[in-house]
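Asker: what follows is a predicted protein model with its sequence.
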Amino acid sequence: MIEWSEQHRMIRDAVRRFVAAEVVPNVEALEHGDMPPYDIFRKMLSTFGMDAVAKTRFEHMLARDRAREAGEAQPDRESEGEAGDRSDSAAMQLIPIIELCRYCPGMVTAVGVSMGLTSAAILSKGTLEQKQRWGLDLMTLKKIGAWAITEAGSGSDAFGGMKSTARPTEDGGYLLNGSKTFITNGPYADIIVFICKLDEEGVAARDRKIVTFVLEKGMPGLTQSKPMRKMGLHSSPTGELFLQDVKVGPDRLLGGKEDSRARSGAKDTFSLERSGVAAMALGIVERCLELSVRYAKERVQFGRPIGEFQLIQDKLARMEVARMNIQNLVFRTIEAAGQGRRLSLAEASAMKLYSARVATEVALEAVQVYGGNGYMSEYPVEQLARDAKALQIYAGTDEIQISAIARDLMAR
Amino acid sequence: MKIIVCLKQVPHQDARLDIRSDGAWIQEEGIKFEINTYDTYALEEALRIKDAAEAEVVVVSIGPDRVTQALRTALGMGADRAIHVKDPEAEASDAIGLAKILAAIVKAESPDLVIMGMMSDDGNFAAIAPMLAGLTDMPHTTAAVKVERSNGTLRIDREIEGGAREVVELRSPCVIAVQTGINQVRYASLKGIMAAKKKPFDVKSIADLGLGGQVGAAAVKVRIEKISPPVKGERAEILEGSTQEIADRLVGKIKELGLL
């Protein structure tokens, strides 16, 4: 794939029209007001029939799971269907991300964590009963999801420093304790995937099994904080979760058993999250470039448009190189989906590392092209620069991506 | 019921327009195009009739390869079939030539209704709909802002001067040219866009329509001589003072110019 197809462009134009009509007039309220991002996205889902597509996908998934449980052979999910349909379906997920990130990367972060991360965690590791109970509501954003792994003392070393615990109780349930921070959608989440350690007698803290539970808003002992103030991504509500003796039954233990695969489960989820970041970066870079080119033509200094100065041209040219590279990475993701192949963790990490760094660079250079205006909130590059920085930190910091890539290289 | 919607693809409203070297039109290379705004309302009106009753919606457009995208978008929004008249001769036609092409299609298709925008965003001639009605001997109306159907009759509200409305009744088959803003134009759904690929899409030449020699450059009666960008004003006057003073002076200026 070297260019968007006619069909992709049609999807892009339709989504762009929606974003212009529904998101752009609300950016101020989303970023600096009290408007949570969910309702606009729900409207987008129903406008484009994405909710119906998600429902069909969910039903197929369940039918496959049921057949598997009944012992019938099932084709691998990734290799099902026509290659063209598979790549179109990947493109259909990525194009709205790109378009929204041109204006509001925070919205993509919030919704992505709910519909992507949280639902993927339940749908890939949950029992059939758990998928039925929470899956569809998350896939269609009827319910808001949060994926809670980070703690004050455990970020990149998510499992090592993790203090949250699940203590088995005599009735077969668990008592959950601990606190989580920087949780996207934390303040509004209806469904929370809570990752913690099994508190077993005689097992050292570092070697404890990782277990995951599905919690719901309003459970006794669960407190969801107000949104935290942060540098960027203001459209994405981030909060803390406090658990004090939250009592859960075994039906909320993800996957139904205390096996140690929860660690690799979390890693699969990372891979998905990382490839999505490239699409986000593309949206940010595309818009920064467009705005910078326009400004370079309009802004006159020393009697000439600043675009005629070579130092500005250098910035614009570098931005275009970045745009082409990130777009190619997005095309690669779509091609891989077409071939029924999922990107490896190392590949996804390499994509994420490059895209996030370059998006931050491009957005900061866009601020520089705009000069004093660029530093003012009135101009959109200011917001995009603050938002882009988060891409280098969440979903695994740059440093973590580098170790994932290097580990993979050294293992060859 | 069969409805034909005529669409024109025009330069995107955000496109940067430069004048072609012969001065008679804009440079079309490298700019983005979109469906003429007026025509999107016409398409939406047709799709609403389809939603309320059984109807086949056929979209028709004249133009080069790029027009495919406009027609596919219309199919993605819910139209059933597309006809693309692709012929360099067709593109060189004036309004009457284009109306003859559309008339040939209308005669072959025998629709119950033809809907289109009342004018194009780029040309602003507002000529095609009345010409097409004349050539096909169908009743027509322009500047439609409301369309209601009952038993083969269409009741149309037309916009006339000063915001007043005129109500006309037309017998089907007829031609309706719509005003903008008369409905909320839908978005193509993702499923619709995916399905658009598989919908019937006919490409026709002037020869296919039996119009050889009757349309195109040789038959042109109206030719665009020259287009020019709007002239930039020489000076602007900045009014200063308190809000009240500025308002008073502004009213004074308007009165001075005899505009109030």
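Answerer: Noted; the coordinates are in hand. Residues are numbered from 1 along each chain as shown, chains lettered A, B, ... in the order given.
Asker: elements contacting the helix or strand harbouring A:I183?
Answerer: A:I183 belongs to strand A:174-184 when assigned by DSSP states H and E. Applying 3 or more C-beta pairs under 8 Å, 6 or more residues apart in numbering or on different chains; DSSP states H and E, one finds that strand A:174-184 contacts strand A:145-148, strand A:165-168, strand A:191-198, strand A:210-216, strand A:238-248. In short, each C-beta sits where N, CA and C put it, glycine included.
Asker: please repeat the previous calculation with a cut-off of 10 Å.
Answerer: The contact analysis (3 or more C-beta pairs under 10 Å, 6 or more residues apart in numbering or on different chains; DSSP states H and E) places strand A:174-184 against helix A:105-111, strand A:145-148, strand A:165-168, strand A:191-198, strand A:210-216, strand A:222-224, strand A:238-248.
Asker: partners of that strand, with directions?
Answerer: strand A:165-168 (antiparallel), strand A:238-248 (antiparallel) (DSSP bridges).
Asker: look up how far chain B lies from A:L141.
Answerer: Taking C-beta to the nearest C-beta, to the nearest Å as the criterion, A:L141 is separated from chain B by 15 Å.
Asker: which ones are touching the residue of the stretch 51-200 of chain A found nearest chain B?
Answerer: Using C-beta to the nearest C-beta, the closest approach of the stretch 51-200 of chain A to chain B is made by A:M92 at 5.4 Å. A:M92 is in contact with A:Q7, A:H8, A:I11, A:V15, A:F48, A:M50, A:V53, A:I334, B:L190, B:K191, B:I193, B:M194, counting by C-beta atoms under 10 Å, 6 or more residues apart in numbering or on different chains.
Asker: next: B:Q13.
Answerer: Taking C-beta under 10 Å, 6+ apart, we find B:Q13 in contact with B:K32, B:E34, B:T37, B:D121.
Asker: verify the stated contact: the second one with B:T73.
Answerer: Yes. Counting by C-beta atoms under 10 Å, a contact exists between B:E34 and B:T73, whose distance comes to 8.6 Å.
Asker: so what's the residue count around whichever residue of the stretch 151-260 of chain B sits closest to chain A?
Answerer: Taking C-beta to the nearest C-beta, chain A has its nearest neighbour within the stretch 151-260 of chain B at B:S189, 3.8 Å off. By other C-beta atoms under 10 Å in any protein chain shown, 21 other residues sit near B:S189.
Asker: quick one: pLDDT of it?
Answerer: We note a pLDDT of 88 for B:S189 in this prediction.
Asker: distance of it from A:I11?
Answerer: 10 Å (C-beta to C-beta, to the nearest Å).
Asker: got the end-to-end distance for stretch A:161-181?
Answerer: End-to-end span of stretch A:161-181 (C-alpha to C-alpha, to the nearest Å): 13 Å.
Asker: in that stretch, which residues are buried?
Answerer: By neighbour count on 16 or more other C-beta atoms under 10 Å in any protein chain shown, the buried set for stretch A:161-181 is A:162, A:164-166, A:168, A:173-181.
Asker: return the item of the residues you listed having minimum pLDDT.
Answerer: A:M162 (91).
Asker: neighbours around the spatially closest residue to that residue that is not a sequence neighbour, how many?
Answerer: Ranked by C-beta to C-beta, 6 or more residues apart in numbering or on different chains and with sequence neighbours excluded, the top spatial neighbour of A:M162 is A:S154, at 4.8 Å. Other residues near A:S154 come to 17 when the count uses other C-beta under 10 Å.
Asker: wait, A:S154 touches A:S164, no?
Answerer: Yes. Applying C-beta under 10 Å, one finds A:S154 in contact with A:S164, separated by 9.0 Å.
Asker: need the overlap of contacts for these two.
Answerer: Shared contacts of A:S154 and A:S164, defined by C-beta under 10 Å, 6+ apart, comprise A:K180.
Asker: which of the contacts of A:M92 lies closest to A:A278?
Answerer: The nearest member of the contacts of A:M92 to A:A278, counting by C-beta to C-beta, is A:I334 at 10.8 Å.
Asker: against which helices or strands is the strand or helix carrying that closest one packed?
Answerer: Taking DSSP H and E as the definition, A:I334 sits inside helix A:310-338. Contacts defined by 3+ C-beta pairs under 10 Å, 6+ apart place helix A:310-338 against helix A:83-101, helix A:262-298, helix A:345-370.
Asker: list the buried ones in that helix?
Answerer: Residues A:312, A:315-316, A:319, A:322-323, A:326-327, A:329-334, A:336-338 are the ones in helix A:310-338 that count as buried (16+ other C-beta under 10 Å).
Asker: same question for stretch A:270-283.
Answerer: Applying 16+ other C-beta under 10 Å to stretch A:270-283 flags A:270-283 as buried.
Asker: with stretch A:189-209 instead?
Answerer: Going by neighbour count (16+ other C-beta under 10 Å), the buried part of stretch A:189-209 is A:189-199, A:208-209.
Asker: mind checking the pLDDT average for that stretch?
Answerer: Mean pLDDT, computed over stretch A:189-209, is 89.
Asker: likewise stretch B:72-81?
Answerer: For stretch B:72-81, mean pLDDT is 96.
Asker: end to end on that stretch, go ahead and measure it.
Answerer: Stretch B:72-81 has its terminal residues 9 Å apart, counting by C-alpha to C-alpha.
Asker: where does chain B come near chain A, residue by residue?
Answerer: B:12, B:16, B:32, B:34-35, B:68-70, B:72-73, B:75-77, B:184-194, B:196-197 (C-beta under 10 Å from any C-beta of the partner chain).
Asker: now render the contacts of B:Q13 as a markdown table, adding secondary structure.
Answerer: Listed next are those as a markdown table, based on DSSP: H, G, I helix; E, B strand; the rest coil:
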| residue | secondary structure |
| --- | --- |
| B:K32 | coil |
| B:E34 | strand |
| B:T37 | helix |
| B:D121 | coil |
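Asker: just name the most buried of the helices and strands packed on helix A:310-338.
Answerer: Comparing the helices and strands packed on helix A:310-338 by mean neighbour count (mean count of other C-beta atoms under 10 Å in any protein chain shown), helix A:345-370 comes out on top with a mean of 23.
Asker: which helices and strands does that helix pack with?
Answerer: Counting by 3+ C-beta pairs under 10 Å, 6+ apart, helix A:345-370 packs on helix A:262-298, helix A:310-338, helix A:372-375, helix A:380-391, helix A:398-410.
Asker: how far does it sit from the chain's center?
Answerer: Distance of helix A:345-370 from the chain centroid (C-alpha atoms, centre = their mean, to the nearest Å) equals 16 Å.
Asker: relative to helix A:398-410, how tilted is it?
Answerer: Helix A:345-370 and helix A:398-410 are oriented at 140 degrees to each other (axes from the mean of the first three to the mean of the last three C-alpha atoms, to 10 degrees).
Asker: A:E82: which of the strands paired with strand A:174-184 is closest?
Answerer: strand A:238-248 (39.9 Å).
Asker: what stretches of chain A score poorly on pLDDT?
Answerer: Across chain A, the ranges flagged by pLDDT under 70 are A:73-81, A:260-269.
Asker: near chain B, which residues of it show up?
Answerer: Residues of chain A lying near chain B (C-beta under 10 Å from any C-beta): A:5-11, A:13-15, A:17-18, A:21, A:44, A:46-50, A:52-53, A:56, A:84-85, A:88-89, A:92-93, A:95-96, A:294, A:297.
Asker: the longest strand in chain B is where?
Answerer: In chain B, with assignment by DSSP state E, the single longest strand is strand B:140-150.
Asker: for the helix or strand following it, packing partners?
Answerer: Next along the chain after strand B:140-150, taking DSSP H and E as the criterion, comes strand B:153-159. Helices and strands touching strand B:153-159, as assessed by 3+ C-beta pairs under 10 Å, 6+ apart, comprise strand B:140-150, strand B:165-171, strand B:174-178.
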